[in-house]
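Trainee: kindly return the folded structure for what I paste below:
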Amino acid sequence: MKVTERVEKGSDRVVSPAKLTGMLKLKNTSANQTVRLVAGKILYIDAQGQPIKLEESRTEPVVKFATYAASGSTPGRMRPSPWTWSFPAEALRAKKLKEIRLELAYIPSPYREESINFTVSIGAGK
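Mentor: Below is the predicted model:
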């Protein structure tokens with residue numbers, strides 16, 4: 001994980017607000033359930049256990065999973081994907097950030113593996 005913020009030399013004006021980038025690796029540890037990921041939320045927690053808010057002009061970081069197929073995970077499968085989230089400038093101060101939490105909304109469902117057999121006939125070509 002990496003936090004970047006671009007600041008103009010001399011004026012100290014923020015050119016690009018702080019962003020957290022990294023690889024999110026989620027693994028379905030269930031033996032018998034698939035998981036459909038719906039959405040998630042990133043929380044930045046300070047030393048007192050309170051959430052650190054983003055600046056008023058920025059929206060809270062939300063994790064969205066695009067499609068049903070892309071958001072599903074079968075038992076034992078890992079799903080790595082790169083992400084970029086807004087990061088509160090206040091958390092950049094020394095000893096301000098204690099932890100980063102990821103809250104996920106998901107739908108579990110029973111996992112079944114099925115097969116189908118069908119007959120194939122090959123006809124003579126013309």
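
Trainee: can we go C-alpha only for contacts and neighbour counts from here?
Mentor: Will do.

Trainee: can you tell me which residues contact the most centrally placed residue in the chain?
Mentor: The centroid of the chain falls nearest to Val63 when counting by C-alpha atoms, centre = their mean (5.0 Å). By C-alpha atoms under 8 Å, 6 or more residues apart in numbering, the residues touching Val63 are Ala39, Gly40, Lys41, Ile42.

Trainee: is it true that the first one touches Ile107?
Mentor: Right, the one you point to is Ala39. No: using C-alpha atoms under 8 Å as the test, Ala39 is too far from Ile107 to be in contact (10.3 Å).

Trainee: which of the two has more neighbours?
Mentor: Ala39 (15 against 11; other C-alpha atoms under 10 Å).

Trainee: tell me how far the more buried one lies from Pro61.
Mentor: According to C-alpha to C-alpha, to the nearest Å, Ala39 stands 11 Å off from Pro61.

Trainee: and Val120, by the same measure?
Mentor: 52 Å.

Trainee: run a quick check on Ser30 versus Ser73, I expect a contact.
Mentor: No: Ser30 sits out of contact with Ser73 when judged by C-alpha under 8 Å, with a separation of 10.0 Å.

Trainee: so these two - more neighbours on which side?
Mentor: More neighbours surround Ser73 than the other of Ser30 and Ser73, with 21 against 16 (other C-alpha under 10 Å).

Trainee: beta partners for the more buried one?
Mentor: Val35 (DSSP bridges).

Trainee: check contacts around it.
Mentor: Lys27, Asn28, Thr34, Val35, Arg36, Arg79.
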